[in-house]
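Novice: Please work out how this folds:
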Amino acid sequence: MKMLEHLTVTEDREIFFNVEEQPCYYSHPSQPSGIFGGTTDALVPDKKVLTRNGDYLSTTNKNYRVVLNGEVLLPLQKQMINFFDPSVLNNVKIQDTVLKNGRVCWAEYTFPDIASGITTKTGHSTKFNLRFILKNTFDGSGSVLLYSGDIDTFCTNGMISGSYDVTRKRHTKNFTTEGFILAFGKSMDRHHEQVIRYQQWADTQVSTVKVKQLLDKLTKAPDQRKRKNILSDRLLAQFTDEADVRGGNVFALSSALTAYASHNSERFPLTKRGDDLSLLKRQEQVGKWLSSPVWHEFASTETWVKDYV
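Specialist: Modelled structure (predicted):
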């Protein structure tokens, strides 16, 4: 089946599952609130139970608004069909992830035919593909999130660029998809703007000393006496590896950060090997780093013209 058809059908994608809402009952302190009981169970009026095919998902506040994945994905996919040429859509890569029976899930859309490139002073070239990620939960743990970012095709680092590339809507009665549609419409401009920013980073040389100081601030590293295999030092080692290829610049440092966000490796092992949710949390963390005032000051060309050592 061509990818274009995947944007118009739902039967072959697990992520388009249904969620049922059930009344919540309380039966005994040893049992989780919300598990269905017998005739002696007491109704909990301010709670409700979410199930998938009869299997328990979570117990939520009665005002929690269930937002099915299809409620957001289908309008977004319609926008994709209207916005992009069919040849682009036929090559789009779709990857769905459903964890914990559907309590946490996300859908990724990567567009290999929508790419922009940069070149470092070492002569190394990198292309970036446009990517969207829609994340949703059915356990009351978070909002519905739409990320728009770029994939570094040199090492397939998933680059989520910070808060201005994230649209979030809470599970409330006022939930609408309008914000996600507007964010999608702006994504192309953001993609090109971000690649321009990457080129500026590639043109901005940095010193290892200043990189170490920045990483200590971002990761809130302990003082020298307590340093032992801490994240800051491992990120510095990754920067050194990236700099050997890309040059000692801000872009090499951003690549080191996104290597941490997207790889389960010997240098950056996950607590649970293969835990996709942990990787997504890392990406969210790196996104916050790259949108922080500390990072923006560090990455400023003007700062390095005055301060480079």
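Novice: Skipping adjacent residues, who's closest to residue 279 in space?
Specialist: Of all residues not flanking residue 279 in the chain, residue 262 sits nearest, at 6.4 Å (CB to CB, 6 or more residues apart in numbering). Using the backbone N, CA and C atoms, a C-beta is placed for each residue, glycine as well.
Novice: Quick check, the one you found in contact with residue 278.
Specialist: No - using CB atoms under 8 Å as the test, residue 262 is too far from residue 278 to be in contact (11.3 Å).
Novice: next structured bit after the helix or strand harbouring residue 239?
Specialist: If you go by DSSP states H and E, residue 239 is part of helix 231-246. On the C-terminal side of helix 231-246, the nearest following helix or strand under DSSP H and E is helix 250-262.
Novice: tell me what that following helix is packed against?
Specialist: strand 157-159, helix 178-202, helix 231-246, helix 276-290 (3 or more CB pairs under 8 Å, 6 or more residues apart in numbering; DSSP states H and E).
Novice: what does that helix rub up against?
Specialist: Contacting residues not belonging to helix 250-262 are listed as 118, 120, 152, 155-160, 198, 200-202, 204, 206, 211, 214, 231, 234-235, 238-239, 241-243, 245-246, 265, 268, 279, 282-283, 285-286, 289-290, 298-299 [CB atoms under 8 Å, 6 or more residues apart in numbering].
Novice: Mind telling me which of the helices and strands packed on helix 250-262 the model trusts least?
Specialist: Of all those, the minimum mean pLDDT falls on strand 157-159 (a mean of 53).
Novice: Partner strands of the helix or strand just after it, with direction?
Specialist: Next along the chain after strand 157-159, taking DSSP H and E as the criterion, comes strand 166-169. Applying DSSP bridges, strand 166-169 is found paired with strand 144-152 (antiparallel).
Novice: give me the low-pLDDT residue ranges for the stretch 101-250 of the chain?
Specialist: In the prediction, the stretch 101-250 of the chain carries residues with pLDDT under 70 at positions 151-165, 224-226.
Novice: cutoff 90 now
Specialist: Applying pLDDT under 90 to the stretch 101-250 of the chain flags the ranges 110, 112-117, 121-122, 124-133, 139-142, 145-168, 178-198, 220-230.
Novice: In contact with residue 238, which residues are there?
Specialist: Residue 238 neighbours (CB under 8 Å, 6+ apart): 256, 259, 260, 267, 268.
Novice: Neighbour count, pLDDT and distance to residue 173 for the residues you listed - can I get that in JSON lines?
Specialist: Formatted as JSON lines, these follow (neighbours: other CB atoms under 10 Å; pLDDT from 0 to 100; distance: CB to CB, whole Å):
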{"residue": "256", "neighbour count": "25", "pLDDT": "93", "distance to residue 173": "43"}
{"residue": "259", "neighbour count": "22", "pLDDT": "87", "distance to residue 173": "41"}
{"residue": "260", "neighbour count": "23", "pLDDT": "90", "distance to residue 173": "38"}
{"residue": "267", "neighbour count": "13", "pLDDT": "91", "distance to residue 173": "46"}
{"residue": "268", "neighbour count": "17", "pLDDT": "90", "distance to residue 173": "41"}
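Novice: Pipe these into a markdown table and attach distance to residue 85 per row.
Specialist: Formatted as a markdown table, the contacts of residue 238 follow (distance: CB to CB, whole Å):
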| residue | distance to residue 85 |
| --- | --- |
| 256 | 35 |
| 259 | 33 |
| 260 | 35 |
| 267 | 40 |
| 268 | 38 |
